[in-house]
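Participant: Quick one: sequence and predicted model below, then my questions.
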Amino acid sequence: MYLHSIDEIEDKIRNREVKISVIGLGRVGLPLAITLADCGFDTLGIDINNELVAKLNEGVSPFPDEPGVSELLKSTVESGRFKASTVLEERDFNIVTVPTLIKGDKPDIEAVYAVANAIRAPHGKVFTVESTVPPLTTQQFGDIIARNTGYKPGEDFGLAYSPERIQAPQVLRDLKTYPKIVGAIDDKSAFIVATIYSCFAPDIIRVSSPVVAEIDKIMENAHRDLNIAFANELAMICEVYGVDVYEVIRTANSQPYCNILNPGLVGGHCIPMDPYYIISEVEKRGYSPNLIKEARRINEDMVEHVVSMVEGERVAILGLSFKQDVRAFEHSHTLKLIDALRRHSHSYSIVVHDPYLGNEDFDFPVERDLYTAITGADCLILATAHSYYKSLDWERVRECMRGDLIVDVRGLFDMERVKKSGLRYKGIGRDGSAKCEI
């Protein structure tokens, strides 16, 4: 494909003669793969998880909370346009969406390198990385292929970086709503990637290089991390003066140019991780991004701040997902909170409730009935603002609990309503007890 003329490439894409592979079938890869299949492309999804692949080929989605995914998966499997496999097959157009993580505070992108090392027949093909990676990773991806096969990026195969920009639980909507960024090593790669993605994306933003796109992706989430850190700093200031941070935020945001976020713990795959992808790499090159580092420190310290509010030994935590109204437990802020509680004292007895719990195994007790989880608790912590928790029966909560302390990490509860039920209320920036004379 890459070696054809632009006119030939355009015809192949228009006639849906391009065969596509999507490598990594998580929350990013699977919706992208079935979206491309729905556009009419013969799409192969590749993943190392045998059980996942088997279920996908039966039309069973691992993400039932993602609107439209189950239906689109079923229809594209039935049409034959999508199938899944555990065997890597290099096709005309190949998209890498494998998970990238951190170890400590260092990037862990071994999964991306593993894909590059597994490629054996890149000649004439195009490769696009979507996984979040440090700057220059796309170049390194191409260099690995070149070293292993003798084929060169920009001569024998195409290469680009096009970061995912979606959020759960609205991935299909985001794919068709947000502009797609494309940073390629040459004009032909950029043309191919942009033309294929324009089959579903509303707009294509072409940037000058993969590095620009890589930095953009990291900084989108680092910027949000900074904004949350500002809100958390404001919350601590409000606690010093004994005022309600949410009142301050509402007032400040009445100014059109002010948009302060709500304070809270930071979890998930992106916001708490992506800043480390730039911190680690840019420090190797002699610059310390102090503002980004300080924002990370502030947000990480909020876990210990929440622990300092806890009283008693029996703790019920409401919410395990890192985001409200979605089933997404991996890298959750609640897991960090549980670890911090355990470090603080081995005497804590912890139970967790989440309306999206399935058959997952954790190293702490979980309870699927809300009021059973609360029963006998000295302290109740609201960790995730699921809509399910908005209508708690506070009189019943008071009857079930042994203690009387509510710690509202997300500012979900009506503070006065909680207090009228005979319960005490604490929250980030809403402690209500001034730390200095006013």
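Facilitator: Received the coordinates, thanks. Here the structure is a predicted model, which means the values were calculated and not measured. Numbers count the residues shown, from 1 in each chain.

Participant: Could you export stretch 155-167 as PDB, CA atoms only?
Facilitator: Backbone C-alpha positions of stretch 155-167 (Å, rounded to 0.1, in the frame of the first residue of the first chain) are rendered in PDB as follows:
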ATOM      1  CA  GLU A 155      11.300   4.400   2.100                       C
ATOM      2  CA  ASP A 156       9.900   0.900   2.500                       C
ATOM      3  CA  PHE A 157       7.100   1.500   5.000                       C
ATOM      4  CA  GLY A 158       5.000   4.300   6.400                       C
ATOM      5  CA  LEU A 159       5.000   5.400  10.000                       C
ATOM      6  CA  ALA A 160       2.900   7.900  12.100                       C
ATOM      7  CA  TYR A 161       1.700   8.700  15.600                       C
ATOM      8  CA  SER A 162      -2.000   9.500  16.100                       C
ATOM      9  CA  PRO A 163      -2.800   9.600  19.900                       C
ATOM     10  CA  GLU A 164      -6.100   8.300  21.200                       C
ATOM     11  CA  ARG A 165      -8.200  11.100  22.800                       C
ATOM     12  CA  ILE A 166     -11.200   9.100  24.100                       C
ATOM     13  CA  GLN A 167     -12.700   8.800  27.600                       C
END
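
Participant: Check which strands are paired with the helix or strand of the chain with the lowest mean pLDDT and give the direction for each one.
Facilitator: The helix or strand of the chain with the poorest confidence is strand 101-103; it has a mean of 87 (mean pLDDT, DSSP states H and E). Take DSSP bridges as the rule and strand 101-103 pairs in its sheet with strand 106-108 (antiparallel).

Participant: Can you read off the backbone torsions of Glu78?
Facilitator: Comment: the main-chain dihedrals of Glu78 come out as phi -60, psi -30, following degrees, to the nearest 10.

Participant: I'd guessed it sits against Glu71; true?
Facilitator: No. With contact defined as C-beta atoms under 8 Å, Glu78 does not count as touching Glu71 (10.9 Å). The way it works is simple: take the backbone N, C-alpha and C, and place the C-beta from them, glycine included.

Participant: Now do the buried residues in the least confident helix or strand of the chain.
Facilitator: Within strand 101-103, the residues scored as buried using 16 or more other C-beta atoms under 10 Å are 101-102.

Participant: before we move on, back to that, which one's more surrounded, Glu78 and Glu71?
Facilitator: Under the criterion of other C-beta atoms under 10 Å, the comparison of Glu78 against Glu71 puts Glu71 first, with 13 against 10.

Participant: what's next to the strand or helix carrying Tyr276, contact-wise?
Facilitator: Using DSSP states H and E, the element containing Tyr276 is helix 274-283. Outside helix 274-283, the residues that touch it by C-beta atoms under 8 Å, 6 or more residues apart in numbering are 102, 105-107, 132-136, 215, 217-222, 225, 288-289, 292-293, 295-296.

Participant: Same check on stretch 5-16?
Facilitator: Counting contacts by C-beta under 8 Å, 6+ apart, the residues touching stretch 5-16 from outside are 1, 4, 17-18, 39-42, 92, 188, 191-192, 195-196, 199.

Participant: same thing with stretch 69-87?
Facilitator: Outside of stretch 69-87, the residues within contact range by C-beta under 8 Å, 6+ apart are 25, 30-31, 33-35, 37-38, 40-50, 52-53, 56-61, 63-64, 171-172.

Participant: Filter those residues down to the ones in helices?
Facilitator: When DSSP state H is applied, those are split such that 30-31, 33-35, 37-38, 50, 52-53, 56-57, 171-172 fall in helices.

Participant: just to revisit the earlier point, in the helix or strand that comes right after the helix holding Tyr276, which residues are buried?
Facilitator: For helix 274-283, the succeeding helix or strand toward the C-terminus, using DSSP H and E, is helix 290-309. Judged by neighbour count using 16+ other C-beta under 10 Å, the buried positions of helix 290-309 are 292-293, 295-296, 298-300, 302-303, 305-307, 309.

Participant: Now find how far off-centre the helix or strand in which Asp174 is found is within its chain.
Facilitator: Under the assignment given by DSSP H and E, the secondary-structure element containing Asp174 is helix 171-175. For helix 171-175, the separation from the chain centroid amounts to 14 Å (computed by C-alpha atoms, centre = their mean, to the nearest Å).

Participant: what's the answer for stretch 83-93, then?
Facilitator: Averaged C-alpha coordinates place stretch 83-93 at 25 Å from its chain's average position (C-alpha atoms, centre = their mean).

Participant: gap between the two ends of it?
Facilitator: Using C-alpha to C-alpha, to the nearest Å, one end of stretch 83-93 lies 16 Å from the other.

Participant: and it, which residues are buried?
Facilitator: Residues of stretch 83-93 classed as buried under the neighbour-count rule (16+ other C-beta under 10 Å) are 83-84, 88, 90-93.

Participant: Which members of these are the farthest-apart pair?
Facilitator: Of all pairs drawn from the buried residues of stretch 83-93, the greatest distance, 18.2 Å, lies between Ala84 and Asp92 (C-beta to C-beta).

Participant: Check the secondary structure at the closest residue to Ala213 other than its chain neighbours for me.
Facilitator: Spatially, and ignoring its direct neighbours in sequence, Ala213 is nearest to Gly183 (3.1 Å; C-beta to C-beta, 6 or more residues apart in numbering). Taking DSSP: H, G, I helix; E, B strand; the rest coil as the rule, one finds Gly183 in the strand state.

Participant: what's the neighbour count on Gly183?
Facilitator: Gly183 - counted by other C-beta under 10 Å - has 27 other residues nearby.

Participant: Settle this for me: it is touching Ile205, isn't it.
Facilitator: No. In this structure, Gly183 sits apart from Ile205 without contact. The criterion is C-beta under 8 Å, and the distance is 9.4 Å.

Participant: quick revisit: among the contacts of helix 274-283, name the buried ones.
Facilitator: The neighbour-count criterion (16+ other C-beta under 10 Å) marks 102, 107, 132-135, 215, 217-222, 225, 292-293, 295-296 among the contacts of helix 274-283 as buried.
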